[in-house]
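[1] Everything below, folded, please.
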Amino acid sequence: MGLLSFFRKEKKQPPVPGRDRGILVFENTSEVIRAENILQKRGWQIRVMGPPPEIRTGCDLVIEFPLISGLEILRALEACGIEPLKVVPVSDGMLQPVSIFFARDYGDYLMVQAANMKITVDKRDLTVVNISGGGCPDVPYLAAQMVGCRLDEIPEPRSIGHTLCGYALQLALEETCRKCLL
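    Here you go, the predicted model:
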């Protein structure tokens, strides 16, 4: 089953931000990726976001999570050897995480950016026409494997890439699939 088919069946909605949310701050992006995989496999409604400007330290990502599940989430991460630097409740107007996504519609083409990676598709036939951004060594390989493929045939960047850019491209691909199904 291709990624596009998965989104057609699931149509998962991201969690709604609000007072009952918190953010997990980690030392590095690798820990965010590991934590995201662990928490999603266990069914928690989480989102990877950009950190609020007040706690940003560089090329960061944070995980937004339901506060009610905070203790269980921390225990699950601790059992896997992952410990966040901070756990911060999100309150209205303060410490709001920011979206890492940006989309631009060019008529027949849709470009979606996640962090520093961009994917552009031809909306008429859902074919990837361009991959750009990032500075990681696997970006040219990812582009060569993905450009020219339809969204329902495309290899997932997380399965063929091994860097932050590959991870960001996976997020961009998932967001592209969501937008193409609307």
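[2] which helices and strands does the longest helix along the chain pack with?
    The residue-count maximum for a helix in the chain (DSSP state H) belongs to helix 164-180. With contacts defined as 3 or more CB pairs under 8 Å, 6 or more residues apart in numbering; DSSP states H and E, helix 164-180 has these neighbours: helix 3-10, helix 29-41, strand 101-105, strand 109-114, strand 117-122, strand 127-133, helix 139-146, helix 157-160. The way it works is simple: take the backbone N, C-alpha and C, and place the C-beta from them, glycine included.
[3] One more pass at 6 Å, please.
    helix 3-10, strand 109-114, strand 117-122, helix 157-160 (3 or more CB pairs under 6 Å, 6 or more residues apart in numbering; DSSP states H and E).
[4] and that helix, what's its mean pLDDT?
    The pLDDT scores in helix 164-180 average 90.
[5] Repeat that for stretch 149-156.
    Across stretch 149-156, pLDDT averages out at 93.
[6] buried set for that stretch?
    Buried residues in stretch 149-156, counted by 16 or more other CB atoms under 10 Å: 151, 154, 156.
[7] Using a markdown table, lay out those together with distance to Leu39.
    Formatted as a markdown table, the buried residues of stretch 149-156 follow (distance: CB to CB, whole Å):
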| residue | distance to Leu39 |
| --- | --- |
| Leu151 | 26 |
| Ile154 | 25 |
| Glu156 | 19 |
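[8] if we look at stretch 101-113, which residues are touching it?
    Contact partners of stretch 101-113, identified using CB atoms under 6 Å, 6 or more residues apart in numbering, comprise 114, 118-124, 172, 175-176.
[9] can you name the two of those residues that are farthest apart?
    Within those, Ala114 and Arg124 form the most distant pair, 22.8 Å apart (CB to CB).
[10] who has more neighbours, these two?
    Using other CB atoms under 10 Å as the criterion, Ala114 and Arg124 rank with Ala114 on top: 24 against 9.
[11] so the more buried one makes contact with Ile100?
    Yes. In this structure, Ala114 is within contact of Ile100 by CB atoms under 6 Å, at 5.5 Å.
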